[in-house]
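Colleague: what's the 3D shape of this:
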Amino acid sequence: MARQTGIIRISGKVGNTVGFARGGEEFTRATAKPYDLAEESKKSATEFGRGSTASSLVREAFSRMLLPAFRKDPNNRLAEKFRRVIRSGPSSKKGKRGVFDGNVSLLNGFEFNPYTAFKKLAFFQPKAELTAKAINLSVPEFSWQRDVQAPEKATSLILGAICGSFDFRMNRYETIQAAELIIEKGQSFAGAGLQVPIPEAEEQVILVMLTLNFASTGGKNLLKIERRDAQAGTILAALHLKNGELVVFEEEALFPEYHTQPVVPVVNWQVNNSSGHLQ
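Modeller: Reported below is the predicted structural model:
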């Protein structure tokens, strides 16, 4: 509350300010902020939490594949990626949106290692193709000398793969993990393929994760090299399926903005007559 001292006085509500008299003096106060601002914050917070929950579920499902370099990174990167997916859903559902409402393909190419990417260690490109009831993974032929960026002491390259089916409404998952594929140094790899069945579910997100790391020979055992620049993991495929069919995300239509000249109101003076009354 503030006392009015200027030449121009406010009476009643003007914008976000109210003028009133008390005890023979005139004061002003600000009106209360609209409640819908708090409501918008609540909606954003709800979706923020759903992104964190989805990220935690994926990290739990893929925990066997999380190499030391991945564990050093806080959960925030993957959680923020899920929040982007959720925010891509229809704005009319804000506060109620979940992973299934958004563009799941935004997860494609996510790197679990913040220090290096899969494609920086392997110049060959694995692929994932969706069929009626399975996902076919393929690794093309490659040459160690030409297509691999390996540490000097490495004697073996190790490829790992895991496929997860996620129900983000019920916070449930199923996973299928492939046996490690080990390629010896100097070997020209002829390529390989793998078929992973898709579980039956009304609605699910399928995530395929590939990992790559190196090992050196220690006697009869392979000793994995735990350098953060020698380990990589990526989401090779992110698919949204409903009743067995691929869901193709459609961007929300945006209405064009029309710019018009603002209407400027005009007010006129009321001039007193000679007797001091308004005309």
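
Colleague: what's the average pLDDT for the helix or strand where residue 159 lies?
Modeller: For residue 159, the element it lies in under DSSP states H and E is strand 156-167. Strand 156-167 carries an average pLDDT of 96.

Colleague: Alpha carbons of that strand, as CSV, please.
Modeller: Extracted in CSV, the C-alpha atoms of strand 156-167 (Å, rounded to 0.1, in the frame of the first residue of the first chain):
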residue,chain,number,x,y,z
SER,A,156,39.8,-56.5,-28.6
LEU,A,157,36.6,-54.5,-29.4
ILE,A,158,33.5,-55.5,-27.6
LEU,A,159,30.0,-54.7,-28.9
GLY,A,160,27.0,-55.0,-26.6
ALA,A,161,23.3,-54.7,-27.4
ILE,A,162,20.1,-54.6,-25.4
CYS,A,163,16.4,-54.0,-26.4
GLY,A,164,13.9,-52.7,-23.9
SER,A,165,10.1,-52.5,-24.1
PHE,A,166,8.7,-49.7,-21.9
ASP,A,167,5.3,-48.9,-20.6
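
Colleague: Which elements pack onto it?
Modeller: helix 35-61, strand 134-139, strand 172-177, strand 181-184, strand 203-218, strand 221-224 (3 or more CB pairs under 8 Å, 6 or more residues apart in numbering; DSSP states H and E). Heads up, the C-betas are built off the backbone N, CA and C, glycines and all.

Colleague: quick one, what contacts residue 180?
Modeller: Residues counted as contacts of residue 180 (CB atoms under 8 Å, 6 or more residues apart in numbering) are 158, 159, 160.

Colleague: Tell me the spacing between the first one and residue 144.
Modeller: Translated: residue 158. Separation of residue 158 from residue 144 (CB to CB, to the nearest Å) stands at 13 Å.

Colleague: list residues touching both of these two?
Modeller: Common neighbours of residue 158 and residue 144 (CB under 8 Å, 6+ apart) are residue 183.

Colleague: Now do the contacts for the closest residue to residue 110 other than its chain neighbours.
Modeller: Closest residue to residue 110 apart from its sequence neighbours, by CB to CB, 6 or more residues apart in numbering: residue 235 at 4.4 Å. By CB under 8 Å, 6+ apart, the contact list for residue 235 reads 107, 108, 109, 110, 207, 208, 209.

Colleague: will you turn those residues into TSV that also has distance to residue 54, neighbour count and pLDDT?
Modeller: Listed next are the contacts of residue 235 as TSV, based on distance: CB to CB, whole Å; neighbours: other CB atoms under 10 Å; pLDDT from 0 to 100:
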residue	distance to residue 54	neighbour count	pLDDT
107	10	23	97
108	15	15	97
109	17	15	96
110	12	18	96
207	11	24	97
208	16	20	97
209	15	24	97
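
Colleague: before we move on, back to that, partner residues bridging the residue nearest to residue 110?
Modeller: Beta-bridge partners of residue 235, counted by DSSP bridges, are residue 209.

Colleague: same thing with residue 182?
Modeller: residue 158.

Colleague: Tell me how many other residues crowd it.
Modeller: Using other CB atoms under 10 Å, residue 182 has 12 other residues around it.

Colleague: what's it in contact with, if anything?
Modeller: By CB under 8 Å, 6+ apart, the contact list for residue 182 reads 156, 157, 158, 159, 215, 222.

Colleague: middle-most residue in this structure, spatially?
Modeller: By CA atoms, centre = their mean, the chain has its centre lying nearest to residue 81, at 1.9 Å.

Colleague: part of a helix, is that one?
Modeller: Yes: counting by DSSP: H, G, I helix; E, B strand; the rest coil, residue 81 falls inside a helix.

Colleague: Look up how far residue 237 lies from it.
Modeller: The gap separating residue 81 from residue 237 is 15 Å, by CB to CB.

Colleague: Likewise for residue 172?
Modeller: Distance from residue 172 to residue 237, by CB to CB: 20 Å.

Colleague: Give me the more crowded residue out of the two.
Modeller: Taking other CB under 10 Å, residue 172 and residue 237 do not tie; residue 237 has more neighbours (22 against 13).

Colleague: Which one of the contacts of residue 180 is nearest to residue 45?
Modeller: Nearest to residue 45 among those: residue 160, at 36.0 Å, using CB to CB.
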